[in-house]
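Student: model this:
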Amino acid sequence: MDLDLNKFRTLIPVNALYEDNLLYLAEQAQVERYLTGEQIFNIGDNDPDTIFLMSGEICLTSPEGEEILVSAGSDRGLHALASRKPRHYRGVVVSPSATVVRFDAALLERLLAWGHFSPEFAINNGPKVDQGPNAEQSEWMMSMMQTTAFTRLPATNIQDLFSRMEEVEARAGDLIVKAGDPGDYYYVIKQGRCRVTLPSDTGEVVLAELGPCSSFGEEALITDSVRNANVSMLSHGKLMRLAKIDFLQLLEAPLLQWIDYPTLVKMTTDGAIRIDVRFRREFEHNGLRGSLNIPQNQLRAAIPDLDKSKQYIVYCDSGQRSATCAFLLSQQGFDVYVLEGGLSAIRG
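Tutor: Prediction:
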C-alpha cells in the first residue's frame, strides 16, 4: 500500500523533520491494513517499531481492562500507539478497517537528532527553521545514516558527531595520512576515492581502495600510536574529519564492548567465536586453543568470510590491536567483543 504523505507529515514528531529526512523515513516505512477485530500488537510486545494510525479506529486495552479508543487524525491519533516498550496495551481494530504505518523507532530518533527543532521549540525560541541541509549534505548524511556504525550509535552522539566534523577539500594525489605521523583525525570519505598503501623497501603495497562513506584513520587513534600506512586521494573529493578526542568520545566508546576473561569463557561455551588478531607466530606461541587466527593486517580481506549471525571475541596481547579490529568489525555490523587487557590480563 502507498503511504499518504500529507497525513504522514502531520504525525508527531515526524512533523519536526526536514523534508528530505521525512521522505527518507517514508521510504523506510511499511503500511499495513487490518480488518475489524484484528490485533495490531499485544501487551508485552518488545518490537523495535514505532506505529502510527493512518486511518480507522482502534481500541487500546491495558492489562487491567482499561480501554482507550484512538481515531486516526484525532489529537491522540497523531502520536505513536502504545510507544512504551514492552508495550503496555493490546491494540485491536474496531472500525471496519484500519491502516497503520510502522518504521524503526531508532531511525526516527537518529533523524530527529540532527539538530532539528520541534514546532514547540520554534514557537518559544524564534522562527521555525524550514531550511534543512542542502542536497549534497543531505545525500551524504543519508548515506552515513545507513552505515552499520551509525545505526548503533546513540542519537545524541550522531547529533554531536555531525556538528563536530570538519569538511576538507582534497585533490587527486594529495597525501591525507602519512605513515609514521601521529594520529590526529578520523576520516570519512564524503566524495571521491582514496588508496591505502604500506611503505616497503621495494615501493608501496596497495592494501585497499576506499569510496564514499568509507572511513580510515581509526587505528592510530585507538592505540594512541603513529600512523602505520599512507592514505592518498585517487580523485578530487571531499573528506569529513573528526578530531581524536571527539572520535574517542563519540565513536569508539559506544561501539566497543569490553569483556573480562570469565565472560569470554562463558560466551565461548555458548558459541561465540574467538579471533586472535596477532601474527601467526604469536598465535602459535600462546594463542587460546580453538581460536581463529586472523592477523590485524588481514582482517579487512577476511570480513566477507565471517558469519554475521555469530558473536565474535577478539583478543591480542594487551587489548590495543584487538580494539582496533573490534571497531572495524563493529562498523561492518558484527556483534563483537574485546578481551579487556588482552592475554596479559589473564596471564600476568
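Student: domains for the chain, by residue range?
Tutor: According to automatic domain parsing, the chain comprises the domains 5-125, 137-251, 256-347.
Student: Counting neighbours, what do you get for M141?
Tutor: 21 (other CB atoms under 10 Å). Quick note: C-beta positions are derived from backbone N, CA and C, even for glycine.
Student: Just the pLDDT at it, thanks.
Tutor: pLDDT recorded at M141 is 73.
Student: do R164 as well
Tutor: pLDDT, R164: 89.
Student: Need the nearest residue in space to it, chain neighbours excluded.
Tutor: D246 (4.8 Å; CB to CB, 6 or more residues apart in numbering).
Student: Just the element for that neighbour, please.
Tutor: Per DSSP states H and E, D246 falls inside helix 244-247.
Student: how many neighbours does R300 have?
Tutor: The burial count for R300: 15, using other CB under 10 Å.
Student: On the three-state scheme, it is what?
Tutor: Put simply, R300 is helix when judged by DSSP: H, G, I helix; E, B strand; the rest coil.
Student: Return the residues in contact with the closest residue in space to it that isn't next to it in sequence.
Tutor: Nearest residue to R300 in three dimensions, chain neighbours excluded: A208, at 6.2 Å (CB to CB, 6+ apart). Listed by CB atoms under 8 Å, 6 or more residues apart in numbering, the contact set of A208 reads 195-196, 300.
Student: Can you add distance to G44 and give the residues you listed back as a markdown table?
Tutor: Below are those laid out as a markdown table (distance: CB to CB, whole Å):
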| residue | distance to G44 |
| --- | --- |
| R195 | 52 |
| V196 | 49 |
| R300 | 42 |
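Student: so which of the residues you listed comes closest to V226?
Tutor: Distance to V226 across the contacts of A208 (CB to CB) is lowest for V196, with 15.4 Å.
Student: what's the distance between that closest one and D160?
Tutor: Remark: distance between V196 and D160 (CB to CB, to the nearest Å) = 27 Å.
Student: what about S232, which helix or strand?
Tutor: strand 230-233.
Student: whoops, P262 was the one
Tutor: helix 261-269.
Student: After that helix, which helix or strand is next?
Tutor: Downstream of helix 261-269 (by DSSP H and E), the next one is strand 273-276.
Student: For the very next helix or strand once past that next one, list every residue counted as buried.
Tutor: Next helix or strand after strand 273-276 toward the C-terminus (DSSP H and E): helix 280-286. Buried residues in helix 280-286, counted by 16 or more other CB atoms under 10 Å: 282-283.
Student: how distant is the next helix-or-strand element following helix 280-286 from the center of its chain?
Tutor: Next along the chain after helix 280-286, taking DSSP H and E as the criterion, comes strand 292-293. Centroid separation between strand 292-293 and its chain, computed with CA atoms, centre = their mean, to the nearest Å, is 27 Å.
Student: again, but for stretch 177-196
Tutor: 21 Å.
Student: mean confidence for it?
Tutor: 93.
Student: Return the set of buried residues in that stretch.
Tutor: 177, 179, 183, 185-194, 196.
Student: again, but for stretch 311-319
Tutor: Buried-residue list, stretch 311-319, by 16+ other CB under 10 Å: 312-319.
Student: same deal with stretch 31-43?
Tutor: Quick answer for stretch 31-43 (16+ other CB under 10 Å): 31, 34, 40-41.
Student: Stretch 267-277 too?
Tutor: Neighbour-count burial for stretch 267-277 [16+ other CB under 10 Å]: 267-268, 272-277.
Student: circling back: please tabulate the buried residues of stretch 311-319 in CSV, including the columns distance to P13 and secondary structure.
Tutor: What follows is the buried residues of stretch 311-319, written out as CSV (distance: CB to CB, whole Å; DSSP: H, G, I helix; E, B strand; the rest coil):
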residue, distance to P13, secondary structure
Y312, 37, strand
I313, 39, strand
V314, 39, strand
Y315, 43, strand
C316, 44, coil
D317, 48, coil
S318, 45, coil
G319, 41, coil
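Student: Could you dump those residues into TSV and include distance to T61 and pLDDT?
Tutor: As requested, the buried residues of stretch 311-319 are arranged in TSV below (distance: CB to CB, whole Å; pLDDT from 0 to 100):
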residue	distance to T61	pLDDT
Y312	43	97
I313	44	98
V314	47	97
Y315	50	96
C316	54	93
D317	58	89
S318	56	84
G319	51	87
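Student: ok, back up a step: and the two most separated of the buried residues of stretch 177-196?
Tutor: A179 and Q191 (24.5 Å).
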